[in-house]
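>>> predicted model and sequence below, questions to follow.
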Amino acid sequence: MKNNQVQAGTGGAAAAAIPSVNRAAAAREILMRILFAVAAAVFIVVVLVICVYLFVTAVPTITEIGWIDFLFGDRWLPSAGYYGVGTLVVGTACATAGALVVGVPLGLLVAVFMAFYCPKPLYSFLKPLTNILAGIPSIVYGYFGLQLIVPMIQQMFHAASGTTLLTTAIVLGIMIMPTIISITENSLRAVPKSYYEGTIALGATKERAIFRTMFPAAKSGVMTSIILGLGRAFGETAAVVFICGNSAQFPTSLLDPIRTLSSNIALEMGYARHLHREALIACAVVLFVFILLITLLVMLLRRKEK
């Protein structure tokens, strides 16, 4: 009898404790939802403030300078009142294209090696090395290019200076390789092995199975890696300032110096005043729009992959 009463009392206490536990869990869940919502709101506000500030400053400035003169002008000479970014856009585009020519083939080949040919002991060394290269500050790459590649280019081609478009392309190509390698390797490994094994079973060589079966199956990831590399090369600043020559002119050869949009902002923002400063902000908007287009392209590719 007493045992039954004790059990009944214990059961009642447990039943009474359950609602309090549920209420505490519900309160924690509500609190976390509020915390997440606040974090998301702060992020959105920060992005909107940046966008609004850039465009509110840039649009009137470009209108004052003239849209055609600003976007397609071939002279950037603030002391004389010329604010044409045509040479800067072309210099940025040439450096980015050169980086892709250098970095994409090497990055894809290294990714194939790591995914299909690399022995495990070597892979355990290469994978961390790739991650380390991705994390090296860009200014270190710039110093490396200035001390090693600039003299090499100057001596090899007997150029007046080694700070050229070619030097910039080589250094940027090295910088984007870790991104291309990592994402491409992961994309190739994500393809079901049955694709590869089935192609081999049909009599194809290993190389043919990789490039005719695995790469098409992983094309969205491969394209994403290339576009992300393009985005990094397009917006790079610290390394480029060291090695591009910083001359606002249309390049006619690989040995000509260039100036990019980002390096132009970094070089002149410290002393710019009034219209000059606002024109540099307009340069940032041009750079921002290009990066935004690249980001949207990546999003479209990922949506297509899903």
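Done, it's in.

>>> which regions of the stretch 201-306 of the chain lie under the pLDDT threshold?
304-306 (pLDDT under 70).

>>> now the strands for it?
Remark: strands of the stretch 201-306 of the chain are absent; assignment by DSSP state E, counting those that start in this stretch.

>>> and the stretch 51-200 of the chain, by the same measure?
76-77, 82-83.

>>> so what strands line up beside the last one?
Which is strand 82-83. Partners of strand 82-83 in the sheet, by DSSP bridges, are strand 76-77 (antiparallel).

>>> give me the residues contacting the partner strand.
For strand 76-77, the external contacting residues (C-beta atoms under 8 Å, 6 or more residues apart in numbering) are Tyr82, Tyr83, Gly84, Val85, Thr87, Leu88, Ala248, Arg259, Asn264. Yep, even glycine has a C-beta here, placed from its N, CA and C like the rest.

>>> any quick ChimeraX command for the buried ones out of those residues?
In ChimeraX, this line selects whichever of the contacts of strand 76-77 come out buried by 16 or more other C-beta atoms under 10 Å:
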select :83,84,85,87,88,248,259,264
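
>>> of the contacts of strand 76-77, which belong to helices?
Judged by DSSP state H, helices contain the following of these: Thr87, Leu88, Asn264.

>>> next, count neighbours for the residue nearest to the second one when sequence neighbours are not counted.
Think Leu88. Residue nearest to Leu88 in three dimensions, not counting chain neighbours: Leu261, with 4.9 Å by C-beta to C-beta, 6 or more residues apart in numbering. When neighbours are counted by other C-beta atoms under 10 Å, Leu261 registers 25.

>>> for Leu261, give its distance to Leu172.
14 Å (C-beta to C-beta, to the nearest Å).

>>> do Pro128 as well
23 Å.

>>> among these two, which residue is more densely surrounded?
Using other C-beta under 10 Å as the criterion, Pro128 and Leu172 rank with Leu172 on top: 30 against 10.

>>> surely the more buried one is in contact with Cys94?
No - the pair Leu172 and Cys94 fails to qualify as a contact (C-beta atoms under 8 Å) at a distance of 10.8 Å.

>>> just to revisit the earlier point, including distance to Lys219, could the ones in helices among the contacts of strand 76-77 go into TSV?
TSV is the format used below for these (distance: C-beta to C-beta, whole Å):
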residue	distance to Lys219
Thr87	35
Leu88	33
Asn264	35
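
>>> could you give the bridge partners of the spatially closest residue to Ala279 that is not a sequence neighbour?
Ranked by C-beta to C-beta, 6+ apart and with sequence neighbours excluded, the top spatial neighbour of Ala279 is Tyr83, at 4.4 Å. Bridge pairing for Tyr83 (DSSP bridges) gives the partners Trp76.

>>> go ahead and confirm Tyr83 touches Leu280.
No - using C-beta under 8 Å, Tyr83 is not in contact with Leu280; the gap is 9.2 Å.

>>> contacts only, for Tyr196.
Ala209, Ile210, Thr213, Met214.

>>> relative to Pro216, how far out is it?
For Tyr196, the distance to Pro216 - C-beta to C-beta - is 12 Å.

>>> again, but for Leu106
Distance from Leu106 to Pro216, by C-beta to C-beta: 21 Å.

>>> neighbour count: the two, which is higher?
Neighbours were tallied for Leu106 and for Pro216 using other C-beta under 10 Å; the higher tally belongs to Leu106 (16 against 11).
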